[in-house]
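1. I need the structure of the sequence given here:
(4 chains)
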2 protein chains.
Amino acid sequence: MTIKGKATSLDIAHLAGVSQPTVSRALRGSPMVNPETRRRILAIARELNYKVDKNASNLRCQQSGTLALLFFEDPTPDDSLINPFFHSMLGSITRACALRGYDLLVSFQQLSDDWHADYEDSNKADGLILLGYGDYLVSRRRLEQLVGQGTHFVRWGAALPGQPGVSIGCDNFRGGLDMTAHLIAQGRRRIAFVGDASERYPEFRERYRGSVRAMDEAGIEARPEWLIDAISTEQSGHAATVELLQRVPDLDAVFAGSDLIAIGAMKALHESGLHVPGDVAVAGFDDIPLASFVTPGLSTVQQDTRQAGALLVDSLLGLIVGEAVESRTIPAKLVLRGSTGN
Amino acid sequence: MTIKGKATSLDIAHLAGVSQPTVSRALRGSPMVNPETRRRILAIARELNYKVDKNASNLRCQQSGTLALLFFEDPTPDDSLINPFFHSMLGSITRACALRGYDLLVSFQQLSDDWHADYEDSNKADGLILLGYGDYLVSRRRLEQLVGQGTHFVRWGAALPGQPGVSIGCDNFRGGLDMTAHLIAQGRRRIAFVGDASERYPEFRERYRGSVRAMDEAGIEARPEWLIDAISTEQSGHAATVELLQRVPDLDAVFAGSDLIAIGAMKALHESGLHVPGDVAVAGFDDIPLASFVTPGLSTVQQDTRQAGALLVDSLLGLIVGEAVESRTIPAKLVLRGSTGN
DNA sequence: CTGAAAGCGCTTACAG
DNA sequence: CTGAAAGCGCTTACAG
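-> Numbering: from 1, shown residues only, chains lettered A, B, ... in the order given. The predicted structure is shown next:
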């Protein structure tokens, strides 16, 4: 007997001389099947290269075995590279899904556009993972909508009280504090922060707050002109640093909100004839691969993307099965290279 | 009337006072529906936040509206970063899918393991895109299996005659030729190729063949000791270059099979006290973002990932609808920076 | 341990 | 233009 087209469980049933439900049970490892019968069924299934039709089984079970990753890119990525940090997150999320037997749908979205977030409504995915960058004030309303609709989702970002939904983030405050304490220990006293630390960018804000705390503890008064806005691109970091140098010529350290900003800052400093770290120390945040390739190597704060990916996926799976899931913070770790001194 | 759980087309039918098939027709934009009826149905659907159940419609239509991207990583990526070139490809493939109304499943695979390539058999995807690196001799048998099973797939790689399935790749030969011609024009005469140019790595092989052709044309005889194996990682490029310098102390140029190799090579050259490009010119392939950040900037061959992603997706969609699809080659473009001279 | 029956939510002939 | 019917390929009570 040859099967026309793809084999179905019914084909197997005929070949094995059993009913179709028995095939289904055998395939799914149900204990209520005679071992001999199961063996026969599995052999036939293998021979026909049979695979369960996921559309059918998902329809029946009302779930999909799939998670969707929505990646946000604002501003548009055509003129600036996507932060490599997110590539690392994507990799760890993919692997975490695979380890747990879930497939991952990936979708790139503009933060400002309508989100194609209906993967769950259409039963293509059981929940969403949100990742990327952009203005939190813009995304916040959408997050509230998702909560309102009962969508299952987790996001990577600052895990702060009062946020809609579940967030997983790193300890931005602690990272900012530790790095700034390190700069101070290296003798730095006029430490600028390059990054938009408004409520639009809560992660930068936390990093900045940590930085200010470290200065407080060292008896240094943080000056308002030491804070300058930038978004997380090299270009923005470069431009901001150029302006910063006008305002604060006697700067002795730059703590950048991200590594990309830091790399732009280093470039601006070089162009101004300033030596890193001799004249100005530079530190970043993320520990992207690039950080170890620039000259001097960039000191930065590492976020454990492997743990982050696993935590995002596990939290989402928890939400899906109805557990109470809390926002969580993972540790930040200093990685010291040449840019902050030896 | 409140709907318990998710709304279905039947719920809408009841509310609109029509039959369920009419709802389906209206939602799918069938012309055979009274405009007034359609309006009513769409209004109700919007209000209920109704979304078509993809499992049900896919089951019925026997297709999924989804493509699967299998990304291969050999050797294991834990100790070396994934080639950023593939991140760029992933982005362009994702966008190309979205533009065409397809969703994308992403899966990371070990080249040597069993491939989880049953997305099509299980009707989770209509076809596969294969991307990544590793030994072609290992993957070739699997590709043949896929062809044998009638799986729809395209792969990124050297598009050479006699390969199983459809391949999209860049003009590696031309890229190798052009870059080597440039090196020769810069006065270089002893040009090593760092990369495994055996049949295990057809892309490297083509780049190397192009390089040799350029030397031929310039009357330079390529010497066997100028060729040294490496896989596409910085570490491998570093190690190979260290050995190469032993063998060929009077080297004046290194053409690396990839940018990552080139960056490892530059590091090895620096460690040996050799100046780039003063003593030894260095060129790479891919134009990863890192290439413009190293010092000096790395001259390289750019592959148009945007075009590549679109072509991969379009070719796969062509295969799925049963068109005759050919392997294709896209142009390679020199990007000259400081590492090959001014 | 196994089978007959129902049903997941759609789409598509078929008949009117 | 619309509805009644069938069926996509599964899984899961239910009965034996």
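
2. make it CA atoms for all contacts and neighbour counts henceforth
-> Will do.

3. got the residues of the stretch 1-150 of chain A near chain B?
-> A:6, A:50-56, A:58-59, A:81, A:87, A:94-95, A:98, A:103-108, A:118, A:121-124 (CA under 8 Å from any CA of the partner chain).

4. one more: the stretch 151-300 of chain A?
-> A:289-290, A:293-295.

5. so how do I select the buried members of these in PyMOL?
-> Provided next is the PyMOL selection string for whichever of these are buried by 16 or more other CA atoms under 10 Å in any protein chain shown:
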select buried, chain A and resi 289+290+293+294+295
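
6. show me where the stretch 1-150 of chain A has helices.
-> For the stretch 1-150 of chain A, the helices defined by DSSP state H, counting those that start in this stretch occupy A:9-16, A:20-27, A:35-47, A:54-61, A:84-99, A:136-149.

7. domain parsing for chain A?
-> The record's domain parsing of chain A by automatic domain parsing lists A:9-52, A:66-169+A:305-330, A:172-303.

8. could you pull out the strands for chain A?
-> In chain A, strands defined by DSSP state E lie at A:66-72, A:103-109, A:127-132, A:153-156, A:166-170, A:191-194, A:227-228, A:253-256, A:281-283, A:300-303, A:328-330, A:332-335, listed in chain order.

9. among the residues of the stretch 1-150 of chain A next to chain B, name the buried ones.
-> A:50-56, A:58-59, A:87, A:94-95, A:98, A:103-108, A:118, A:121-124.

10. near DNA strand C, from the residues you listed?
-> Among those, proximity to DNA strand C is found for A:56, A:59 (CA under 7 Å from any atom of the strand).

11. DNA strand C contacts on the stretch 1-150 of chain A?
-> Counting by CA under 7 Å from any atom of the strand, the stretch 1-150 of chain A comes close to DNA strand C at A:17-22, A:31-35, A:37-38, A:56-57, A:59-60, A:62.

12. if we go to 10 Å?
-> A:13-14, A:16-26, A:30-38, A:41, A:55-62, A:121-123 (CA under 10 Å from any atom of the strand).

13. pull out the buried residues from those residues.
-> By 16+ other CA under 10 Å, these give A:13, A:16, A:20, A:22-24, A:26, A:37-38, A:41, A:55-59, A:121-123 as buried.

14. and A:V321, how far is that from DNA strand D?
-> 15 Å (CA to the nearest atom of the strand, to the nearest Å).

15. same check, this time on A:L336
-> For A:L336 relative to DNA strand D (CA to the nearest atom of the strand), the value is 52 Å.

16. before we move on, what about A:L316?
-> In this view, A:L316 and DNA strand D are 21 Å apart by CA to the nearest atom of the strand.

17. so what's that residue up against?
-> A:127-129, A:152-154 (CA atoms under 8 Å, 6 or more residues apart in numbering or on different chains).

18. what's the distance between it and DNA strand C?
-> 22 Å.

19. per-residue confidence at that residue?
-> A:L316 is assigned a pLDDT of 97 by the prediction.

20. next: A:Q109.
-> So, for A:Q109, pLDDT stands at 84.

21. just the one 10 residues further on next, same as before
-> With respect to pLDDT, A:Y119 scores 93.

22. who's in contact with it?
-> Counted by CA under 8 Å, 6+ apart, A:Y119 has contacts A:68, A:125-128.

23. sketch out the low-pLDDT regions of the stretch 51-200 of chain A for me.
-> The stretch 51-200 of chain A contains residues with pLDDT under 70 at A:75-80.

24. residues in contact with the residue in the stretch 101-250 of chain A that DNA strand C sits nearest to?
-> Distance from DNA strand C to each residue of the stretch 101-250 of chain A (CA to the nearest atom of the strand) is smallest for A:S122, at 7.9 Å. Taking CA under 8 Å, 6+ apart as the criterion, A:S122 is in contact with B:51-55.

25. try it again with 6 Å
-> Each residue near A:S122 by CA atoms under 6 Å, 6 or more residues apart in numbering or on different chains is listed here: B:51-54.

26. try A:I44
-> Taking CA under 6 Å, 6+ apart, one finds nothing in contact with A:I44.

27. pLDDT value on A:I3, please?
-> The predicted local confidence for A:I3 is 49.

28. state the distance from the closest residue in space to A:R306 that isn't next to it in sequence to chain B.
-> Excluding the flanking residues, the one nearest A:R306 by CA to CA, 6 or more residues apart in numbering or on different chains is A:S92, at 5.2 Å. With distances taken as CA to the nearest CA, to the nearest Å, A:S92 is found 10 Å from chain B.

29. A:V282 now?
-> Going from A:V282 to chain B by CA to the nearest CA gives 16 Å.

30. tally up the residues packed near the residue nearest to A:E326 when sequence neighbours are not counted, please.
-> Spatially, and ignoring its direct neighbours in sequence, A:E326 is nearest to A:V166 (6.3 Å; CA to CA, 6+ apart). The tally of other residues near A:V166 (other CA atoms under 10 Å in any protein chain shown) stands at 23.

31. correct me if wrong: A:V166 contacts A:S327.
-> Yes - in this structure, A:V166 is within contact of A:S327 by CA atoms under 6 Å, at 4.9 Å.

32. next, count neighbours for A:L317.
-> Neighbour count for A:L317, taken as other CA under 10 Å: 23.

33. give the bridge partners for the residue lying closest to it once chain neighbours are set aside, please.
-> Sequence neighbours aside, A:G127 is the residue nearest to A:L317 in space, at 8.0 Å (criterion: CA to CA, 6+ apart). Beta-bridge partners for A:G127, by DSSP bridges, are A:L67.

34. where's A:G127 relative to A:I330, distance?
-> Separation of A:G127 from A:I330 (CA to CA, to the nearest Å): 22 Å.

35. neighbour count for the two, which is higher?
-> Between A:G127 and A:I330, A:G127 has the larger neighbour count (other CA under 10 Å), namely 26 against 17.

36. distance of the more buried one relative to A:A332?
-> Taking CA to CA, one finds A:G127 at 27 Å from A:A332.

37. quick one: the helices in the stretch 151-300 of chain A?
-> A:172-185, A:202-217, A:234-247, A:259-271.
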